[in-house]
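Q: next input, structure requested:
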Amino acid sequence: MLNITVLSVGTIKEKYLSDAIKEYVKRLGAYANVTELQIKDEYLPEHPSPAQITAAVEREGTRILDAIPRRAYVCALCIEGKSCSSEQFARRLDEIATSGYSDVVFIIGGSDGLSGAVKARADWRLSFSPMTFPHQLMRVILCEQLYRAMNILGGGKYHK
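A: Here you go, the predicted structure:
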């Protein structure tokens, strides 16, 4: 069974978002072992300078890199990534699983994005849309798409 880690920066404060994530993680349990791992976000002043933002993203990046299992396949969610359909996403997960990886880590950065080092470590850079989403909501979207992909691969009826 595939081990999937959703590694994200910051915590979710809204109950409705955490409830949605819990529901999709529960559903995913039939297909994969799913772990949520949250990295502490860096404090920034109300009007940070570009240098302060860069330094904060770099510190978050160091904590992200330290949390990635050594032999994991890493997918960074970033605007520079390539987008794909739900069916292509499912096929890619299947290819990853059948190519010898048992651990897949999906990384969602904080509101200021991911460090260059994290993006460089990624085996796959994925963009869900050219639009920008709140990073807390992106966790829900990712979990839903993971469930959809697994359901597609399992021949289920969720994806129509």
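
Q: in stretch 94-110, what counts as buried?
A: For stretch 94-110, burial by neighbour count (16 or more other CB atoms under 10 Å) applies to Ile96, Ala97, Tyr101, Asp103, Val104, Val105, Phe106, Ile107, Ile108, Gly109, Gly110. Glycine gets a C-beta too; all of them are placed from N, C-alpha and C.

Q: between those, which is nearest Arg71?
A: Nearest to Arg71 out of those is Asp103 (CB to CB; 6.5 Å).

Q: measure that closest one to Met131 for me?
A: Distance check for Asp103 against Met131: by CB to CB, to the nearest Å, it reads 29 Å.

Q: and the longest strand anywhere in the chain, average pLDDT?
A: As assigned by DSSP state E, the longest strand anywhere in the chain is strand 73-82. Per-residue pLDDT values across strand 73-82 average out to 96.

Q: distance between that strand and the chain's centre?
A: 8 Å (CA atoms, centre = their mean, to the nearest Å).

Q: mind listing the strands it pairs with, and their directions?
A: Applying DSSP bridges to the sheet, strand 73-82 is found paired with strand 103-108 (parallel), strand 124-126 (parallel).

Q: would you format those strands as CSV with mean pLDDT and distance to Gly61 included?
A: Shown next, in CSV, are those (pLDDT from 0 to 100; distance: least, CB to CB, whole Å):
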stretch, mean pLDDT, distance to Gly61
strand 103-108, 98, 10
strand 124-126, 97, 14
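
Q: got those strands as CSV, with distance to Val6 columns?
A: CSV is the format used below for the strands paired with strand 73-82 (distance: least, CB to CB, whole Å):
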stretch, distance to Val6
strand 103-108, 5
strand 124-126, 13
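
Q: among the ones you listed, which is nearest Tyr31?
A: Using CB to CB, these put strand 103-108 closest to Tyr31, at 12.2 Å.

Q: CA atoms only for the closest one - export them in PDB, please.
A: In PDB, the C-alpha atoms belonging to strand 103-108 read as follows (Å, rounded to 0.1, in the frame of the first residue of the first chain):
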ATOM      1  CA  ASP A 103       6.500   6.900   0.000                       C
ATOM      2  CA  VAL A 104       5.100   9.900  -1.800                       C
ATOM      3  CA  VAL A 105       5.200  13.300  -0.200                       C
ATOM      4  CA  PHE A 106       3.100  16.200  -1.500                       C
ATOM      5  CA  ILE A 107       4.300  19.600  -0.300                       C
ATOM      6  CA  ILE A 108       2.200  22.700   0.100                       C
END
